[in-house]
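>>> Sharing a model that was predicted from the sequence below.
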Amino acid sequence: MRSSTRREFLAGPAGRIECAVDDPAGAPVGIALIAHPHPLFGGSLDNKVVQTLARAFVELGYETWRPNFRGVGETEGVHDEGRGELEDLAAIVAHLKPARLALAGFSFGAGLQVQLAARLPMEMRPAKLVLVGVAVTRFKLPAAPRGTLVVHGELDETVPLAAVLDWARPQELPVVVVPGAEHFFHRKLNVLRDIVLTWTR
């Protein structure tokens with residue numbers, strides 16, 4: 001991210017959670033919690049899509065938090081197929097107690113954020129939810145809140161676009177499709193950033 005990125009360590013259910021934190025130029029309008037892709041396939045808080053989401057939310061005035069999931073970097077614990085990782089995300093929100101919360105995630109992380117949004121108490125529900133390459137084939141996901149931004153690559157080989165449309169259709173949830181983009185949005189990160197900035201302002 002930027003040279004001003006700092007590392008914070010929070011206590012989680014399985015031990016220490018390592019987070020990268022970026023501050024906006026002025027007083028933050030809220031906190032954005034951004035979840036990375038599957039840790040067993042190289043996912044970490046340094047993932048390029050996750051960094052792109054963080055940059056966009058910093059530009060929008062949010063203080064952004066990017067945790068490493070269990071077993072990644074300096075985060076303690078072992079991979080728990082999403083169950084423990086969801087508990088860790090909930091623990092971060094409980095610790096930060098944001099007055100205004102935005103959730104964003106990529107792939108595995110996006111699947112967790114849909115679940116987190118559904119389980120948070122009403123007074124802590126996210127004002128914004130951004131799902132990129134959401135892992136609908138890995139999780140049985142609840143419906144997303146109205147107004148959720150779903151962005152998917154036309155040529156996604158990891159999570160087929162058709163599967164995302166099948167999940168979104170019963171909810172009448174729009175999906176923004178990036179033509180020519182695959183799962184990791186190679187050479188399309190600027191497009192992704194612009195979509196998030198345009199939708200979230």
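Received the coordinates, thanks.

>>> Please count neighbours and contacts with C-alpha atoms only from this point.
Fine.

>>> got any ranges where this protein has weak pLDDT?
Counting by pLDDT under 70, the chain contains low-confidence ranges at 1-3.

>>> just the helices in it please.
Taking DSSP state H, the helices of the chain run over residues 48-59, 83-96, 108-119, 161-168, 189-200.

>>> give the contact list for residue 11.
Counting by C-alpha atoms under 8 Å, 6 or more residues apart in numbering, residue 11 makes contact with residue 17.

>>> before we move on, the earlier item: redo the helices of the chain as JSON lines? Include distance to residue 67 and mean neighbour count.
Output for these, formatted as JSON lines (distance: least, C-alpha to C-alpha, whole Å; neighbours: other C-alpha atoms under 10 Å):
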{"stretch": "helix 48-59", "distance to residue 67": "10", "mean neighbour count": "22"}
{"stretch": "helix 83-96", "distance to residue 67": "8", "mean neighbour count": "17"}
{"stretch": "helix 108-119", "distance to residue 67": "10", "mean neighbour count": "23"}
{"stretch": "helix 161-168", "distance to residue 67": "25", "mean neighbour count": "16"}
{"stretch": "helix 189-200", "distance to residue 67": "20", "mean neighbour count": "16"}
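
>>> mind giving me TSV with those helices and columns for distance to residue 141?
What follows is those, written out as TSV (distance: least, C-alpha to C-alpha, whole Å):
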stretch	distance to residue 141
helix 48-59	21
helix 83-96	13
helix 108-119	7
helix 161-168	8
helix 189-200	22
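
>>> Perfect, that will be all.
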